[in-house]
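Colleague: okay, sequence plus prediction incoming.
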Amino acid sequence: MEVTAQPTVEPSDLDLIRRWRTGDGTSATRLVERHSPALARFVAAEGERDQAAEVVQDTFVRAFGAIDSFRGDSSFRTWLFTIARRLLLDRRRAERRSRVVATVSEADAVTQFDALDTMVADESLRRVRGAVEALSTKQREVFTLRVEQGLSYKEIADLVGSTEGAARVHYHNAMRAVKEFLDDE
Amino acid sequence: MMNDCKEVEIREALPDLVHGALPAPRVALVQQHLDVCSDCAAELAIVRAVLASAAAPRVDATRIVASIPPYARKSSRTHFTRTTYLQLAAAVVIGAAGISTALFRSEHAPSPAAIPVSAMASSAIQTSGSGAPATATNSASAAGSESGLALVGTADVSDADLAQLIQDMNNISALPPTDPEPVIPAALEGGAS
């Protein structure tokens, strides 16, 4: 008789949150491990790469401290992004400094090519990153949330306080601007 | 020169394709289009490059977890406040009922005896035979009952209620709307010079 191994079902974010409330510390670890990379990428895309670790930590501390206010209307990740975004706005307001433009070092870029192709690929990535950095603030925010995080237009709209239609327009305008930037180079 | 393909739905699906968020039938449709559209193929390359260039900064998950405080259920301030409000509301209703009763009786009572306010005041501070001061409560109650006002003991009447009762007393035609005459204790009337 064939015994089929049952695929392991990952607990949902809500399940992990419920377990954490009952004292299961490992649930917090799983939630952090599940969402911290995306959150770090989001913070970096917002121009705070150097402060990403600190902002990510602060975001999780605040999120778990206010976990009872998470109603599940949005995804847990979107909720984390909202908290991080507000933290970044508060930090900028408090520090009154211009946005630090995010740069991607060659060591961070993920490539799957051989040596020559690596050089070409790194150069291409650098150019593309330059094109993204040249976008307006709103276009960059919407574009990176759509492309890097894979959020839907509705999730983006909720996060940035806009409409689905506006988010869609920002995305397409951003894509056109990136193409023009790359064509000009 | 990179152009925008007119198939907007295909272009909008490219990030979902890269993130593996498209259902299989849709993936096949998008892939079919990509095979024949160089503009969408170029746009897909841009999406992949942007994603590849956005590697996540390293974060220490262990350190983050260690900084998270243990779960603490929020205090039931809301419940306490709601209960307090209910209690206050009940007290207001009871108080209002008491004042309404006093007003009702004052309007429907027979003509009150002409008891000057001064008499009421003096009776309130007369001492009893034992030397202990008669309580204002009892005296006021006695005087009040004669005037037809259902005065209650002043100990359990709020300042607002007392003010209302005094106003009501002033409105009674049998009583002059004047301040009570000062009561001079008998010991001083003899007046040692």
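Modeller: Thanks, I have it. Numbering: from 1, shown residues only, chains lettered A, B, ... in the order given.
Colleague: okay, now the unreliable bits of chain B?
Modeller: Filtered on pLDDT under 70, chain B yields the residue ranges B:74-85, B:107-157, B:169-193.
Colleague: enumerate the residues of it near chain A.
Modeller: B:1-2, B:4, B:8, B:11-12, B:15-16, B:18-19, B:21, B:42-43, B:46-47, B:49-65, B:67-71, B:73-74 (Cβ under 8 Å from any Cβ of the partner chain). For the C-beta atoms, the positions are set from N, CA and C on the backbone; glycine is no exception.
Colleague: and the closest residue to chain B within chain A, how many neighbours?
Modeller: Nearest to chain B, among the residues of chain A, is A:Gly150, at 3.4 Å (Cβ to the nearest Cβ). Applying other Cβ atoms under 10 Å in any protein chain shown, we find 17 residues neighbouring A:Gly150.
Colleague: name the SS class of it, please.
Modeller: coil (DSSP: H, G, I helix; E, B strand; the rest coil).
Colleague: can you pull the contacts of it?
Modeller: B:15-16, B:18-19, B:21 (Cβ atoms under 8 Å, 6 or more residues apart in numbering or on different chains).
Colleague: quick one: the helices in chain A?
Modeller: A:13-21, A:25-45, A:52-65, A:76-95, A:115-133, A:137-147, A:153-160, A:164-184 (DSSP state H).
Colleague: and what of chain B?
Modeller: Going by DSSP H, chain B shows helices at B:8-18, B:24-34, B:38-53, B:61-67, B:77-108, B:117-125, B:136-147, B:159-171, B:186-189.
Colleague: is stretch A:58-76 positioned near chain B?
Modeller: Yes - counting by Cβ under 8 Å from any Cβ, chain B is contacted by stretch A:58-76 at A:60-61, A:64-65, A:67-68.
Colleague: now pLDDT too, for the residues you listed, in CSV please.
Modeller: Output for the residues of stretch A:58-76 next to chain B, formatted as CSV (pLDDT from 0 to 100):
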residue, pLDDT
A:Phe60, 96
A:Val61, 96
A:Phe64, 95
A:Gly65, 93
A:Ile67, 93
A:Asp68, 91
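Colleague: what subset of those is buried?
Modeller: Neighbour counting by 16 or more other Cβ atoms under 10 Å in any protein chain shown classes A:60, A:64, A:67 among the residues of stretch A:58-76 next to chain B as buried.
Colleague: okay, these in CSV with distance to A:Arg93 next?
Modeller: CSV is the format used below for these (distance: Cβ to Cβ, whole Å):
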residue, distance to A:Arg93
A:Phe60, 22
A:Phe64, 24
A:Ile67, 26
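Colleague: out of those residues, flag the one nearest to B:Ile94.
Modeller: Nearest to B:Ile94 among these, counting by Cβ to Cβ, is A:Ile67 at 41.7 Å.
Colleague: residues touching that closest one, list them.
Modeller: Per Cβ under 8 Å, 6+ apart, neighbours of A:Ile67: A:17, A:20-21, B:71.
Colleague: got a ChimeraX select line for the buried ones in the residues you listed?
Modeller: Remark: buried members of these, expressed as a ChimeraX selection using 16+ other Cβ under 10 Å:
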select /A:17,20 /B:71
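Colleague: so what's A:Leu159 up against?
Modeller: A:Leu159 touches A:78, A:81-82, A:85, A:145, A:151, counting by Cβ under 8 Å, 6+ apart.
Colleague: redo that, cut-off 6 Å
Modeller: By Cβ atoms under 6 Å, 6 or more residues apart in numbering or on different chains, A:Leu159 lies in contact with A:81-82.
Colleague: what's the distance between it and A:Ser74?
Modeller: 8 Å (Cβ to Cβ, to the nearest Å).
Colleague: list the contacts for the residue in chain B positioned nearest to chain A?
Modeller: The nearest approach of chain B to chain A comes at B:His19, 3.4 Å away (Cβ to the nearest Cβ). Taking Cβ under 6 Å, 6+ apart, we find B:His19 in contact with A:Gly150.
Colleague: rewinding a little: can you list the contacts of A:Ile67 in TSV and add distance to A:Glu95?
Modeller: Shown next, in TSV, are these (distance: Cβ to Cβ, whole Å):
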residue	distance to A:Glu95
A:Ile17	32
A:Trp20	32
A:Arg21	35
B:Tyr71	32
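Colleague: circling back: buried ones only from the residues of chain B next to chain A, please, as a PyMOL command.
Modeller: Those of those that count as buried under 16+ other Cβ under 10 Å are selected in PyMOL with:
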select buried, chain B and resi 2+11+15+16+18+19+43+46+47+49+50+51+52+53+54+55+56+57+59+61+64+65+68+71
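Colleague: how many residues are close by B:Ala90?
Modeller: Neighbours of B:Ala90 using other Cβ under 10 Å come to 10.
Colleague: got it, and A:Ile156?
Modeller: Neighbours of A:Ile156 (other Cβ under 10 Å): 26.
Colleague: excluding chain neighbours, what is closest to it?
Modeller: A:Ala167 (4.5 Å; Cβ to Cβ, 6 or more residues apart in numbering or on different chains).
Colleague: quick check: A:Phe64 vs A:Phe70, distance?
Modeller: Counting by Cβ to Cβ - A:Phe64 and A:Phe70 are separated by 10 Å.
Colleague: repeat that for B:Thr62.
Modeller: 23 Å.
Colleague: A:Arg18 now?
Modeller: 11 Å.
Colleague: neighbour-wise, which of the two wins?
Modeller: Set A:Arg18 next to A:Phe70 and count neighbours by other Cβ under 10 Å: A:Phe70 wins out with 17 against 13.
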